[in-house]
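Student: build me a structure from this.
(one chain, ligands or ions: 1)
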Amino acid sequence: MGASLDLAALRARTEPVDAPVNLAATRQDGLGCHSGKETMARAAAAAGMGETLDALKRDYPAGPHDQPQSMCPAFGALRVGLRMRRTATILSGSACCVYGLTFTSHFYGARRTVGYVPFNSETLVTGKLFEDIRDAVRATADPALHDAVVVINLCVPTASGVPLRLLPREIDGVRIIGIDVPGFGVPTHAEAKDVLAGAMLRVARSEAEQGPVAAPRQGRDGRPTVSLLGEMFPADPIQIGALLEPLGLAAGPVVPTREWRELYAALDSAAVAAIHPFYTASLREFEAAGRPAVASAPVGFDGTAAWLDAVGEACAVARPAVEAAKNRFLPAIRGALAANPIRGRITLTGYEGSELLVARLLVESGAEVPYVGTACPRTRFSEVDRDWLEARGCRVQFRASLEQDLAAVEDVRPDLAIGTTPVVQKAKERAIPALYFTNLISARPLMSVAGAGSLAQVVNGAMAQAARFAAMRDFFAGIGEAHAAGIWEEVPQKRAAPKRMPAATPIGETA
Ligand code: SF4
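Tutor: Residues are numbered from 1 along each chain as shown. I've put the predicted structure just below:
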């Protein structure tokens, strides 16, 4: 956990505020994931957060079932804040949630302080928590150190109506960005990234509308840019930049950005590429700034050709320039795909938002992909990829549950299951080779020529392990399963089913 704030000292010079706090929400200990989504949502609505929850529902629609199984959604927003230079991030929530979130962020190499404003029943009930948050923000908003302070309301403060909207918009030039990211309102951590990115873009847009703003750190070369929406492998923006060059365009910043001033540069683009299609709040800001959005991404031969056409149209590039770009890159992409074939049946599941792009690349490499499950929602920007995949016999499941992903592995019996941890675990139990999507697939280039051959080595290598998996399954058959599960000092014995108790004899009767 990061450095703690001297709240006791700060409290001494705090004047009370009449923040509307929902007392009923605090009367029981431990409102959290386990309290049930409905309980939390009812408490939040009663505490005056109905509008916030409605906005989240509109941006991140649930269904076909309620919520995919995933990590605490707030992790997405926390990670975006922690990755930005000169940005402080403060959590407001239950200690157990904050412990888990800070643990996970440091596990993923945050190397940054996570601020925390703790609370108890009293500070929550009296509105003191809001005062504590406000004091923490004041203590943190040092313009010599920070461009922005992000405050994230977790489940309990959101359900209790702790009103971050009443925080000052800025202190000494440091922007204060308060967001509610409750697990009962934001379905996935992927979408929580958009909650923060969208909130920041909104502030940056209003600053840019009011007057001059900071220029990009590396300056401008005069070419119009295409901003890129969604986190991606570091080589991908470079590949995209090379693709855009014959069009007279350059790659703009990747959103979520790594620095506040990049937000202005992102909004100052000719168009935005919705590489990850679920950034609904961010896309709304680009739309408000008059920037057209382009769906999908330059993956594989078809994807790159269609993407160049779409970017050319959005940025009013002359046709010959678009054709020149296609002539330059498409043969190389075709060559890379042909030189790195993938033969086999693969199921793919994930929660990052790039699942459909990876599936397209696998199909173009020669793989059969009968199922793609993604925890992310279906949006108008995912339609191009969905149509392309479905036309090639792939079932695309948005908001996929773990059960649906596991059922697909059982039904399809793939040569390789690419997926989340529980999917990979299940597949390996069945002696089906499996790869973690996040660690092994997301950590590779996907775009343009570099992406075209990048998956074959790891995918083919994994599929080649099928015989070893079968040998291991046979060798370990029956060990650690059913009655033998657990740790035993002696060889575990299968016991007969317990005998049924004889029916009790009523008092006063004899057997
Ligand atoms: S903040 Fe995250 S971990 Fe905490 S109760 Fe909400 S969803 Fe669960």
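
Student: list phi and psi for residue 88.
Tutor: When read as degrees, to the nearest 10, the backbone of residue 88 gives phi -100, psi 140.

Student: can you pull out the helices in the stretch 51-200 of the chain?
Tutor: 74-83, 95-107, 121-126, 128-140, 155-159, 189-210 (DSSP state H, counting those that start in this stretch).

Student: between the ones you listed, which gets nearest to residue 465?
Tutor: helix 95-107 (27.0 Å; Cβ to Cβ). The way it works is simple: take the backbone N, C-alpha and C, and place the C-beta from them, glycine included.

Student: packing partners for that closest one?
Tutor: In terms of contacts (3 or more Cβ pairs under 8 Å, 6 or more residues apart in numbering; DSSP states H and E), helix 95-107 is packed against helix 74-83, strand 87-92, strand 114-117.

Student: please redo it, this time with the cut-off set to 6 Å
Tutor: Counting contacts by 3 or more Cβ pairs under 6 Å, 6 or more residues apart in numbering; DSSP states H and E, helix 95-107 packs against helix 74-83.

Student: ok, residues contacting the helix it packs on?
Tutor: With contacts defined as Cβ atoms under 6 Å, 6 or more residues apart in numbering, helix 74-83 is touched by 87, 89, 101, 104-105, 110, 112, 150, 152, 154, 181, 189-190, 192-193, 195-196, 256.

Student: can it be found next to the ligand?
Tutor: Yes: residues of helix 74-83 are located near the ligand by Cβ under 6 Å from any ligand atom, namely residue 74.

Student: strand 87-92 and that helix, what's the angle between them?
Tutor: If you take axes from the mean of the first three to the mean of the last three Cα atoms, to 10 degrees, helix 74-83 sits at 150 degrees to strand 87-92.

Student: now the angle from helix 74-83 to helix 95-107?
Tutor: Going by the same axes, to 10 degrees, helix 74-83 makes 50 degrees with helix 95-107.

Student: of the contacts of helix 74-83, which are in range of the ligand?
Tutor: For the ligand, the contacts drawn from these by Cβ under 6 Å from any ligand atom are residue 154.

Student: and residue 415, what's its pLDDT?
Tutor: The model reports residue 415 with a pLDDT of 96.

Student: pretty sure it sits against residue 344.
Tutor: Yes: taking Cβ atoms under 6 Å as the definition, residue 415 is a contact partner of residue 344 at 3.7 Å.

Student: what do those two both touch?
Tutor: In contact with both residue 415 and residue 344: residue 463, using Cβ under 6 Å, 6+ apart.

Student: in the stretch 301-450 of the chain, which segments are predicted with low confidence?
Tutor: Of all residues in the stretch 301-450 of the chain, none has pLDDT under 70.

Student: now the helices for it?
Tutor: Using DSSP H, counting those that start in this stretch, the helices of the stretch 301-450 of the chain run over residues 319-339, 355-364, 383-390, 402-412, 421-429, 448-452.

Student: among those helices, which comes closest to residue 442?
Tutor: Nearest of those to residue 442, taken as Cβ to Cβ: helix 355-364 at 8.3 Å.

Student: what packs against that closest one?
Tutor: helix 300-314, strand 345-350, strand 368-374.

Student: give me whichever of the ones you listed is most buried.
Tutor: Neighbour counts (mean count of other Cβ atoms under 10 Å) averaged over each of the helices and strands packed on helix 355-364 peak at strand 345-350, with a mean of 26.

Student: coming back round to it: dump the helices and strands packed on helix 355-364 to TSV, plus distance to the ligand.
Tutor: Output for those, formatted as TSV (distance: least, Cβ to the nearest ligand atom, whole Å):
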stretch	distance to the ligand
helix 300-314	35
strand 345-350	20
strand 368-374	20
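
Student: can you redo these as JSON lines with distance to residue 264?
Tutor: Shown next, in JSON lines, are those (distance: least, Cβ to Cβ, whole Å):
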{"stretch": "helix 300-314", "distance to residue 264": "20"}
{"stretch": "strand 345-350", "distance to residue 264": "32"}
{"stretch": "strand 368-374", "distance to residue 264": "31"}
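
Student: among those, which is nearest residue 479?
Tutor: Among the helices and strands packed on helix 355-364, the nearest to residue 479 by Cβ to Cβ is strand 345-350 (26.8 Å).

Student: how far does that closest one sit from the chain's center?
Tutor: 18 Å (Cα atoms, centre = their mean, to the nearest Å).

Student: how many other residues sit next to the residue in the stretch 51-200 of the chain that the ligand sits nearest to?
Tutor: Nearest to the ligand in the stretch 51-200 of the chain, going by Cβ to the nearest ligand atom, is residue 183, at a distance of 2.4 Å. Each residue near residue 183 was counted by other Cβ atoms under 10 Å, and the total is 23.

Student: right, and it touches residue 156 too?
Tutor: No: distance between residue 183 and residue 156: 10.4 Å, which falls outside the contact criterion (Cβ under 6 Å).

Student: check the helices of the stretch 51-200 of the chain for me: which has the lowest mean pLDDT.
Tutor: Lowest mean pLDDT within those: helix 121-126, at a mean of 88.

Student: tell me the SS of the nearest residue to residue 207 once chain neighbours are set aside?
Tutor: Counting by Cβ to Cβ, 6 or more residues apart in numbering, residue 207 lies nearest to residue 213, which is 5.6 Å off, once chain neighbours are set aside. Assigned by DSSP: H, G, I helix; E, B strand; the rest coil, the conformation of residue 213 is coil.

Student: tell me the spacing between residue 213 and residue 295.
Tutor: Separation of residue 213 from residue 295 (Cβ to Cβ, to the nearest Å): 28 Å.

Student: how about residue 327?
Tutor: On the measure of Cβ to Cβ, residue 327 and residue 295 end up 23 Å apart.

Student: residue 57 is nearest to which of the helices and strands packed on helix 355-364?
Tutor: With Cβ to Cβ as the yardstick, what comes closest out of the helices and strands packed on helix 355-364 is strand 368-374 (19.3 Å).

Student: what helices and strands are in contact with that closest one?
Tutor: On a contact count with 3+ Cβ pairs under 6 Å, 6+ apart, strand 368-374 meets strand 345-350, helix 355-364, strand 395-398, helix 402-412.

Student: and the longest one, what's buried?
Tutor: Same thing as helix 402-412. Buried residues in helix 402-412, counted by 16 or more other Cβ atoms under 10 Å: 402, 404, 405, 406, 408, 409, 412.

Student: just checking, which of the helices of the stretch 51-200 of the chain sits deepest inside the structure?
Tutor: Neighbour counts (mean count of other Cβ under 10 Å) averaged over each of those peak at helix 155-159, with a mean of 29.
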